[in-house]
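*Asks:* Got a predicted model here, sequence first, then my questions.
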Amino acid sequence: MWKLFGGLTSQSGYSPVDEQIKVLKEGTRFSTEEIRSMLKYATVSSMADSNVGGNLVMLKTSFRQYCDEQNIGNARIQERLWDVFDADGNGELTMSELLQKMSVLLRGTLDDLIGFFFDIYDLDGDNSIDRRELAKVFSELYTCTLPEADDRCASETSTSSSSSTSRRSASVMPLSDEQVEALHDFFVHSDTNKDGRLSREEFAEGVRALAQQRSRPPGRCLTLYNVWVFFLCSWFEMGTSFSLPAMGALATRMKFRFDLSETQLGSLVGLYYLGACIGPVCGGIVMDRKGPGFTICGANIIVLLGTILQASAPNYGTLAIARIIIGFGGLITPFCTLEVLLLLFPNDFMLIAGLRNTVQSASGFLTFIILPSIANAVAKEGEGNYDDGTSLSLWFIAMLAVVSLISNVIVLRWYLPKTSPNANLALGQKLRALALAVTPKDPSTWAKWKLPLSFYLSTYGTQVFYFAPFAFTAFSVRLYQEKFGLSEELAELMSGILNVMGGLTGPFFGPMSDWLGNRALLLAAFNVPAVIGFAMLGSTSVTPWVATVLFALQYGFGDTVAYPCIRLMVGAHRAGVGYGIFGIFGNFFAAITPVFAGMIVDGDDGLNRMCWYWSALMMAAVVIWVMVHFMMGADSPLELPEKDIVEASDSNVAFAALLALDPERSKSLKRRHSRAAASTTSAPAHNNTEQSQPPHSVTLYAHDGRRTGQLTWV
């Protein structure tokens, strides 16, 4: 990539003015900063009619070379892509033309993509597609999706990269009989006026029907099917949800059982996040390769092993190891759960994300009710003798981890949308990789991990939303007892009810953020209540219920909105990388903050000073999110309302390219077409023009002359 766009580098000193960027931005869905970065890798045209300041272009030789590197080795497809991109046919692809097409491939709707692929199929440019064009282009597009075709094209082009003969030697793979039949029925069904050609409108309607049948859009949430699927998904994080606040819910018992100081108790929370610094990196890499369903199953296996070790730990050292293991797998589950929910409920994602927050927050609340209740029910008589009860509470968490794993397997096996990466999604991935070629990239292997400074700042800002309901709860029970005179049961209840109160706000806050946009500013604003709440706990004797409500507002908005903001900042194509980097930096902060809090509590006037410590951390997050807003820009996906954010999916590319043709759908359409034909057999001949035409056949040949298939219309 670096060598292809070397015509305009930082050495040239070229800096596009704002007016040029504004013109280039028109007709695209890219932000100003994205376009500015893309222009760094363009080439200055030497044409006489260049615009003042240089006409930025991409040369055809560079375009072909990059297609080869992206395994789009079929010369005819390369030529069609170039013809569609080069709208004015002058042999040079201007940045305006390039950015508009890139916007379609990366940020286009299904309708945008349909128009793009209609132009690819329309070989003769007459604004219609006949049978020969459909068959020819489809067979070559399908060839691009096969890994064996990639290897063959790569070997053929590597022998003579500059030879057009070599490039054109890549053969077309034969279509199966089922594909031929499905292609035939698509044409017959879409050709509504029976003139033997597909207009732009007919082609679009046919593709939409294909997408609707295969993708099974979920519609609104309140259907029996969706409620059942969400119920299964709600168990994904249950083992993690009980494990994380367990040290707070069982704080007194854990101190007696393992003879822990406040610093050691805080370190158990910190060790959880220490494991979480590493886990999301591994989980993010796996998710980008294998998908979220497979990844979350592996993560819950790790959580299960950690909870078993935690329940059977004989001493502090073993318990510390168990907390690291749980943290390793536990912080993979949240972002994988969100990605699974996005696949299952794309039309209502933020509402579903809010409901997910409600469920997980309720489980956090129940942690402070159920775990102490279990421990109290079986604890032996005698002051401080909590051994048996604590063990059973920890084994209960292990049982929930088993349930989480079972629910993962059920959803992965029967409910998660299944796609064929070779046949359906590969072309979409390749074309979008081609589109990403114009984004700034470094030749280093680590280029994918290089993200803007604003993202690294946001890792702290995101993690802060989990301090009050999780890290702080390791000390809140003692604070509420000693300073505010609450009983142990009421103190535990207050620490837990913070979670459920925050969760109840999630279904409201999620859609609200989609409607308003400006998410960074909203995240800054919702940290202010936590600043005030901790300041009140440290400086006044006002009932802690007021602070609890303020913490709930902060947590409810942050847990619903902050996590999805990660993929908005880095893009869907490297969401796993974004989650992984967040795991390193965000959880590093989460690991060290409770340790320092424990050290403060062990000192003089420790409880009050600890509250001011948490308040200062919250205030830092307010400043950081304001900085992120200005660094990202008001026109970035992070700050735009949901209706203005469009991201092309690989599946939509596949549908628009007709690569999702299904033999089962072909049979259904054939039966429907047969019934329609039978119903018109008694009609006059002039009303049955399609039947009166002679059989029409299209024979498909590879470039080496080998016959690869035949399409026949009758």
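*Replies:* In hand now; what should we look at? Residues are numbered from 1 along each chain as shown.
*Asks:* can we go C-alpha only for contacts and neighbour counts from here?
*Replies:* OK.
*Asks:* now residue 19: how far from residue 25?
*Replies:* Going from residue 19 to residue 25 by Cα to Cα, to the nearest Å gives 10 Å.
*Asks:* For the stretch 601-714 of the chain, which segments count as strands?
*Replies:* Under the criterion DSSP state E, counting those that start in this stretch, the stretch 601-714 of the chain contains strands at 696-701, 707-713.
*Asks:* Compare residue 19 and residue 25 (neighbour count), which wins?
*Replies:* The neighbour count for residue 19 versus residue 25, taken as other Cα atoms under 10 Å, is higher for residue 25 (20 against 9).
*Asks:* so who does that one touch?
*Replies:* Residues near residue 25 by Cα atoms under 8 Å, 6 or more residues apart in numbering: 31-32, 35.
*Asks:* Kindly reformat those as TSV and extend each row with secondary structure and distance to residue 457.
*Replies:* Converted to TSV, these look like this (DSSP: H, G, I helix; E, B strand; the rest coil; distance: Cα to Cα, whole Å):
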residue	secondary structure	distance to residue 457
31	coil	20
32	helix	21
35	helix	23
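*Asks:* Need the buried ones from these selected in PyMOL.
*Replies:* Typed into PyMOL, the line below selects the buried ones among the contacts of residue 25, using 16 or more other Cα atoms under 10 Å:
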select buried, resi 31+32+35
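*Asks:* any chance of the contacts of residue 25 in TSV, plus distance to residue 543 and pLDDT?
*Replies:* What follows is those, written out as TSV (distance: Cα to Cα, whole Å; pLDDT from 0 to 100):
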residue	distance to residue 543	pLDDT
31	47	73
32	49	74
35	53	76
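*Asks:* which of the contacts of residue 25 lies closest to residue 480?
*Replies:* residue 31 (48.3 Å; Cα to Cα).
*Asks:* Residue 645 versus the closest one, what's the distance?
*Replies:* From residue 31 over to residue 645 (counting by Cα to Cα), the distance is 11 Å.
*Asks:* Please apply the same query to residue 364.
*Replies:* 33 Å.
*Asks:* more neighbours, the two?
*Replies:* Neighbour tally, residue 364 and residue 645, criterion other Cα under 10 Å: the higher count belongs to residue 364, 29 against 18.
*Asks:* List the residues that contact the more buried one.
*Replies:* 241-242, 245, 496, 499-500.
*Asks:* ok, now which ones touch residue 555?
*Replies:* Contacts of residue 555 (Cα under 8 Å, 6+ apart): 465-466, 468-469, 499, 502-503.
*Asks:* and it, what helix or strand is that in?
*Replies:* helix 544-570 (DSSP states H and E).
*Asks:* Now residue 203: which helix or strand?
*Replies:* Secondary structure (DSSP H and E) places residue 203 in helix 200-215.
*Asks:* what helices or strands is the helix or strand following that helix leaning on?
*Replies:* Per DSSP H and E, the first helix or strand lying C-terminal to helix 200-215 is helix 224-233. Counting contacts by 3 or more Cα pairs under 8 Å, 6 or more residues apart in numbering; DSSP states H and E, helix 224-233 is packed against helix 387-414.
*Asks:* Show me which residues of the helix it packs on are buried.
*Replies:* Neighbour counts over helix 387-414 (16+ other Cα under 10 Å) mark 387-398, 400-409, 411-412 as buried.
*Asks:* can you check stretch 272-289 too?
*Replies:* For stretch 272-289, the neighbour count (16+ other Cα under 10 Å) marks 272-288 as buried.
*Asks:* Equivalent analysis for stretch 341-351, please.
*Replies:* Applying 16+ other Cα under 10 Å to stretch 341-351 flags 341-345, 348-351 as buried.
*Asks:* how long is it end to end?
*Replies:* By Cα to Cα, the extent of stretch 341-351 from end to end equals 10 Å.
*Asks:* Show me how far that stretch is from its chain's centre.
*Replies:* Distance of stretch 341-351 from its chain centroid, counting by Cα atoms, centre = their mean, to the nearest Å, is 11 Å.
*Asks:* quick one: average confidence on it?
*Replies:* Stretch 341-351 carries an average pLDDT of 82.
*Asks:* Could you number the chain from 590 rather than 1 from now on?
*Replies:* Sure thing, new numbering starts at 590, so read that last one as stretch 930-940.
*Asks:* Residues contacting the helix or strand hosting residue 706, please?
*Replies:* Per DSSP H and E, residue 706 falls inside helix 699-710. Contact with helix 699-710 is made by 669-670, 673, 693-694, 714, 716, 718, 722-723, 726-727, 789, 792-793, 796, 1237, 1241-1242, 1245-1246, as judged by Cα under 8 Å, 6+ apart.
*Asks:* Can you select the buried ones among those for me in PyMOL?
*Replies:* To isolate the buried ones among the contacts of helix 699-710 in PyMOL, judged by 16+ other Cα under 10 Å, type:
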select buried, resi 669+670+673+693+694+718+722+723+726+727+789+792+793+796+1237+1241+1242+1245+1246
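*Asks:* from the contacts of helix 699-710, which ones fall inside helices?
*Replies:* Counting by DSSP state H, the contacts of helix 699-710 place 669-670, 673, 693-694, 722-723, 726-727, 789, 792-793, 796, 1241-1242, 1245 in helices.
*Asks:* Of the residues you listed, which is the nearest to residue 1177?
*Replies:* Closest to residue 1177 out of the ones in helices among the contacts of helix 699-710 is residue 694 (36.5 Å), distances taken as Cα to Cα.
*Asks:* can you tell me how far that closest one sits from residue 672?
*Replies:* 16 Å.
*Asks:* swap in residue 1165?
*Replies:* Separation of residue 1165 from residue 672 (Cα to Cα) stands at 35 Å.
*Asks:* Thanks again, I'm all set now.
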